[in-house]
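Undergrad: dropping the sequence and predicted coords here.
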Amino acid sequence: MSTRDKIITAAVDLFIKQGIAGTTTREIAASASVAEGSIYRYFPSKDELAWQVFDDYHQTLAKRLQQSVINEQQLMDKIAALVHCFLSMADEDWLMFRYYLTSQHTHMQKVDNTTLTPYKVVQQVLQELIKSNTIKSNDVNLLCEMVMGAVHQIGINKIYGRIHGDLLPHKQLITQTIFQMLNANECEK
């Protein structure tokens, strides 16, 4: 593991346990087994470290979501691909996914409007489905919040200990539930 990756892993772990404000660079360095000055070779400040980790993960998730639906034509396949991507990323690196979920309120106001985000990817998929009359509602923002909320709340409840283990085994139920929430036309089922 590179020094930068050690710093990121240690910082994320501490940010989750103690909050960003409650974590010092000294604690990050000690947890990463690096000199405190090493942090500043990669990040100008602790706050910039917290932001950069969030932003990198946020953009990676968006790109993977976009790739997941690129070849899908049917609504159920698109929804399944989005759900699979979210859950796979959570299962692949739970620490980062947990940080992503719990730090959104801190960082979302910094996200540039031109940046590809998970929300924009889901929104684009839903807009296409509304345009094709596959989905009856035309309130794309409400629908997007419903889809994102379904996946995010499952992650949040894993954090709270209400859901245990990997999330991917729940893919089919989550996909079917989202499909029903979207009130898709019968011909798509």
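TA: Thanks, I have it.
Undergrad: okay, now Phe43: neighbour count?
TA: Under the neighbour criterion other Cβ atoms under 10 Å, Phe43 is assigned a count of 21. To be clear about C-beta, it is placed using only N, CA and C from the backbone, and glycine gets the same treatment.
Undergrad: whoops, Ile174 was the one
TA: 22.
Undergrad: got the buried residues for the helix or strand harbouring it?
TA: Here Ile174 sits within helix 171-181, counting by DSSP states H and E. If you call a residue buried by 16 or more other Cβ atoms under 10 Å, then helix 171-181 has these buried ones: 174-175, 178-179.
Undergrad: point out the least confident one among those.
TA: By pLDDT, Phe179 ranks lowest within the buried residues of helix 171-181, coming in at 88.
Undergrad: distance check, that one against Asp112.
TA: Phe179 is 32 Å from Asp112, where distance means Cβ to Cβ, to the nearest Å.
Undergrad: got it, and Val34?
TA: With distances taken as Cβ to Cβ, Val34 is found 30 Å from Asp112.
Undergrad: more neighbours: these two, which one.
TA: Val34 (17 against 7).
Undergrad: wait, is the more buried one part of a helix?
TA: No: under the criterion used here (DSSP: H, G, I helix; E, B strand; the rest coil), Val34 is coil, not part of a helix.
Undergrad: residues touching it, list them.
TA: 3, 6-7 (Cβ atoms under 8 Å, 6 or more residues apart in numbering).
Undergrad: let me have the residues you listed in JSON lines, extended by secondary structure and neighbour count.
TA: Shown next, in JSON lines, are the contacts of Val34 (DSSP: H, G, I helix; E, B strand; the rest coil; neighbours: other Cβ atoms under 10 Å):
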{"residue": "Thr3", "secondary structure": "helix", "neighbour count": "15"}
{"residue": "Lys6", "secondary structure": "helix", "neighbour count": "17"}
{"residue": "Ile7", "secondary structure": "helix", "neighbour count": "25"}
